[in-house]
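Student: prediction below, plus the sequence it came from.
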Amino acid sequence: MPENNLELLRFTLGAWQTNCYVLAAHPDPGSPCWIIDTGFDPDEMLDAIDDKGWIPSRILLTHAHVDHIAGLGRTRERFPDIPVALHADERNFLDRPDLNLSAMLPTPITWPPAEDTLHHEDTLTLADGLHFQVRHVPGHSPGGVCFYQPDSALAIVGDALFAGSIGRHDFPTSDGPLLLKSIAEQILTLPDETVIFPGHGPESTIAREKQTNPYVGSNPSA
C-alpha cells in the first residue's frame, strides 16, 4: 500500500460483530476524521476518537441495515453537529424498521433522516489531496456503497463483498443477481492490490478474492 498519512481504525461492534471504521487524514490530534457505519455498542469507537483528539466531520453509511446504524443515536449524542450521509436509494431506511431490518427486534430502531445524500461517482474529500470515490454497489441492499481511496489502495465495501464470500441477498430489498453484477463491475474492477475492508470479517485484497472467492471468481457458484 502506498505510504501516506491516512489512518484507518477498525472496530468490531456488538453481538452482530459489525466492522465500523474511523478514517483520519493523519494520526495527530486535530485531524479531521470520518466515522463509517456505527453499529451496536459504539462507545469503544467513540472513546478512541476522543483519545486520539480527532475531529469527526461526517458519518458515512455503507448501507442502512440495523447493525450498521444502531449506534447513530449514541454517536450523535457524543458528536451532535456532524451530518449523516447515505445513498439516495436508502434515504427512507433510517425511519423505517421494516426496511432497516430492526422490526424484528424488541425495540425497533428509527432515526431522523440523513442530512446528506450520496450518489454513484461522488467524490468525497477528507482533507486536501485526500479524495474518496463513492461506488454504488446495490444487491445486498438498494443503496449499498463502497468508499474507494486510490492513493491508499483501500476500499471500504460494506456488506457487498467479504473475504471468501458475498453479502446476504435474501432480505426483502435484496437482489442476488444485482449484487453479483455490482461486485463484478464496481469492486473487482479495482486494482488487484486494493485492500478491501468489509462490514464483517477480516480484510482481503481484490487479487485474493478474484482467485479464491467461490462466488465471484472465474467459476462462481452463486
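Tutor: Nice, thanks for sending it over.
Student: let me know whether residue 180 touches residue 216 as I believe.
Tutor: Yes - judged on Cβ atoms under 8 Å, residue 180 makes contact with residue 216 at a distance of 6.9 Å. Every residue, glycine included, has its C-beta placed from N, CA and C.
Student: ok, the two, which is more surrounded?
Tutor: Set residue 180 next to residue 216 and count neighbours by other Cβ atoms under 10 Å: residue 216 wins out with 21 against 18.
Student: contacting residues for the residue nearest to the more buried one when sequence neighbours are not counted?
Tutor: Spatial nearest neighbour of residue 216, chain neighbours left out: residue 183 (5.4 Å); criterion: Cβ to Cβ, 6 or more residues apart in numbering. When the contact criterion is Cβ atoms under 8 Å, 6 or more residues apart in numbering, the partners of residue 183 are 137, 139, 160, 161, 166, 216.
Student: so how far is residue 140 from residue 183?
Tutor: Relative to residue 140, residue 183 is positioned 10 Å away (Cβ to Cβ, to the nearest Å).
Student: got any residues that touch both of those two?
Tutor: In terms of Cβ under 8 Å, 6+ apart, residue 183 and residue 140 are both contacted by the residues 160, 166.
Student: in stretch 24-35, which residues are buried?
Tutor: Using 16 or more other Cβ atoms under 10 Å as the test for burial, stretch 24-35 gives 24, 25, 26, 31, 32, 33, 34, 35.
Student: which among those gets closest to residue 133?
Tutor: Set against residue 133, the nearest of those by Cβ to Cβ is residue 34 (14.1 Å).
Student: what strand or helix carries the closest one?
Tutor: Using DSSP states H and E, residue 34 sits in strand 32-36.
Student: ok, residues contacting that strand?
Tutor: Contact with strand 32-36 is made by 7, 20-25, 45, 49, 52, 54-62, 75, 82, 126-127, 147, 156, as judged by Cβ under 8 Å, 6+ apart.
Student: give me the buried subset of the residues you listed.
Tutor: Here, 16+ other Cβ under 10 Å leaves 7, 20-25, 45, 49, 52, 54, 56-62, 75, 82, 126, 147, 156 buried among these.
Student: which of the residues you listed fall within helices?
Tutor: 45, 49, 52, 75 (DSSP state H).
Student: now distance to residue 189 and pLDDT too, for the residues you listed, in TSV please.
Tutor: Shown next, in TSV, are those (distance: Cβ to Cβ, whole Å; pLDDT from 0 to 100):
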residue	distance to residue 189	pLDDT
45	31	98
49	33	98
52	34	98
75	32	98
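Student: and the residues you listed, which two are furthest apart?
Tutor: Farthest pair in these, by Cβ to Cβ: 52 and 75, 15.5 Å.
Student: any idea how far residue 167 is from residue 136?
Tutor: Taking Cβ to Cβ as the measure, residue 136 falls 14 Å from residue 167.
Student: neighbour count for these two, which is higher?
Tutor: residue 167 (27 against 20).
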